[in-house]
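A.B. asks: No letters, just coordinates:
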């Protein structure tokens, strides 16, 4: 079928909106008419060639829409159902069988190849194959193919223009706090980077009962938002001060838990320096640069540096929890969202990179 998609043809170039042909769903696939798609920095890293992707490819991995077709093997959803599209996984490896799907042994192939498991493309334009399975969905398009592994059914009246934001970045931040690092009642917590992932962590730290919640960022309005969402202290890095010293002074020795969302080695080192004795630093992003951390402060202070993927969240379990918290006014993620018409995708990406918009979500009319 003919669809409209934003295609990444060349690394670093703007996405080009044009017509391509998408396969009909195979026996195990689900055709979704996309209503909304969040923009994440991972999409931008892929567009710019900083991830192991091959172009041309349709990006997008935070989709939401309506089921328009199902293969013969699909039983969990039906035509007309509203669904969220979440990151895919292989479902067969040891990690997947253990329920640790964010650490799927085949993560790179499933996430970044843009191809089906058998190596075939889902889309084409003329004779040119176009990779259309980014994170198992490629939702920067009017229609996307997914599988039962990475669709989550939601009520028919669900606000997809907001809920698309809950499928990757925000659960990464919130899941890191609620599932992984030891943020508990009375904890001191800091997050480096107050974008969507970081602010998801701030809201989760409030839910977890942290007493001190510190947000560190270079963009003033994001720090203002962090304060509105529950941060008790903010640090604007453009001021040029010693962030670690300020955190230690403010907390009386350092934070129990810190989450770095930036992936910047210098900031990760600062985060480790800002920990209290036996503190934990979680990292959810990697820039590809070498990270050098002196062993002595870790050993002497009994500190932990912990890598995290996807907040270790099982979407079918964790996303409904976040929706329930939102309905009770305890996870107001919609305050971060700004909707853009699909054809303004490059503007939305630019606004995300600059920090003007915290969480852009594209909408399809």
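C.D. replies: Cool, got the structure. Fair warning: this is a prediction, and the values are worked out from it, not measured in the lab.
A.B. asks: Any stretches of the stretch 101-250 of the chain with poor pLDDT?
C.D. replies: Within the stretch 101-250 of the chain, no stretch falls below the threshold (pLDDT under 70).
A.B. asks: now do 90
C.D. replies: For the stretch 101-250 of the chain, the stretches with pLDDT under 90 are 238-241.
A.B. asks: all helices for the stretch 251-365 of the chain, in order.
C.D. replies: Per DSSP state H, counting those that start in this stretch, the stretch 251-365 of the chain carries helices over the ranges 265-273, 295-301, 315-327, 345-354.
A.B. asks: What is the distance between the shortest one and the centre of its chain?
C.D. replies: Averaging C-alpha positions (Cα atoms, centre = their mean, to the nearest Å) puts helix 295-301 31 Å from its chain's average.
A.B. asks: Also the longest one?
C.D. replies: Its chain's average C-alpha position is 15 Å from that of helix 315-327, according to Cα atoms, centre = their mean.
A.B. asks: Could you list the buried residues of the host helix or strand of residue 146?
C.D. replies: Per DSSP states H and E: residue 146 is located in strand 143-147. Within strand 143-147, the residues that qualify as buried are 143, 144, 145, 146, 147, counting by 16 or more other Cβ atoms under 10 Å. No exception for glycine: its C-beta is placed from N, CA and C like everyone else's.
A.B. asks: Then stretch 175-187?
C.D. replies: Within stretch 175-187, the residues scored as buried using 16+ other Cβ under 10 Å are 175, 176, 177, 178, 179, 180, 181, 182, 183, 187.
A.B. asks: Reformat those residues into JSON lines and put secondary structure and distance to residue 17 next to each item.
C.D. replies: Conversion of the buried residues of stretch 175-187 to JSON lines gives the following (DSSP: H, G, I helix; E, B strand; the rest coil; distance: Cβ to Cβ, whole Å):
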{"residue": "175", "secondary structure": "helix", "distance to residue 17": "32"}
{"residue": "176", "secondary structure": "helix", "distance to residue 17": "34"}
{"residue": "177", "secondary structure": "helix", "distance to residue 17": "37"}
{"residue": "178", "secondary structure": "helix", "distance to residue 17": "37"}
{"residue": "179", "secondary structure": "helix", "distance to residue 17": "37"}
{"residue": "180", "secondary structure": "helix", "distance to residue 17": "38"}
{"residue": "181", "secondary structure": "coil", "distance to residue 17": "40"}
{"residue": "182", "secondary structure": "coil", "distance to residue 17": "45"}
{"residue": "183", "secondary structure": "coil", "distance to residue 17": "41"}
{"residue": "187", "secondary structure": "coil", "distance to residue 17": "46"}
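A.B. asks: Please parse the chain into its domains.
C.D. replies: Domain ranges of the chain: 2-167+332-363, 171-309, per automatic domain parsing.
A.B. asks: Can you lay out those as TSV showing distance to residue 324?
C.D. replies: Supplementary listing: those in TSV, determined by distance: least, Cβ to Cβ, whole Å:
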stretch	distance to residue 324
domain 2-167+332-363	12
domain 171-309	11
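A.B. asks: Minimum distance to residue 323: which of these has it?
C.D. replies: domain 2-167+332-363 (7.0 Å; Cβ to Cβ).
A.B. asks: Tell me which stretches of the stretch 1-150 of the chain form strands.
C.D. replies: 2-8, 16-22, 29-38, 57-58, 63-70, 82-85, 123-125, 128-130, 143-147 (DSSP state E, counting those that start in this stretch).
A.B. asks: circling back to that earlier point, so which two of the buried residues of stretch 175-187 are the farthest from each other?
C.D. replies: Across the buried residues of stretch 175-187 (Cβ to Cβ), the longest gap, 16.5 Å, separates 175 and 187.
A.B. asks: and residue 76, what is it in contact with?
C.D. replies: With contact taken as Cβ atoms under 8 Å, 6 or more residues apart in numbering, residue 76 is in contact with 148, 151, 153.
A.B. asks: Give me the buried stretch members for stretch 238-258, please.
C.D. replies: 243, 244, 246, 247, 248, 250, 251, 254, 255, 256, 257, 258.
A.B. asks: In strands, which of the residues you listed fall?
C.D. replies: Taking DSSP state E, the ones among the buried residues of stretch 238-258 that sit in strands are 255, 256, 257, 258.
A.B. asks: how about the residues you listed, which pair is most distant?
C.D. replies: Across these, no pair lies farther apart than 256 and 258, at 8.5 Å, counting by Cβ to Cβ.
A.B. asks: which residues do the two both contact?
C.D. replies: The contact lists of residue 256 and residue 258 share 189, 275, 279, 280, where a contact means Cβ under 8 Å, 6+ apart.
A.B. asks: nearest to residue 127, of those?
C.D. replies: Proximity of the shared contacts of residue 256 and residue 258 to residue 127 (Cβ to Cβ) peaks at residue 280, which lies at 52.3 Å.
A.B. asks: ok, now how distant is that closest one from residue 169?
C.D. replies: 21 Å (Cβ to Cβ, to the nearest Å).
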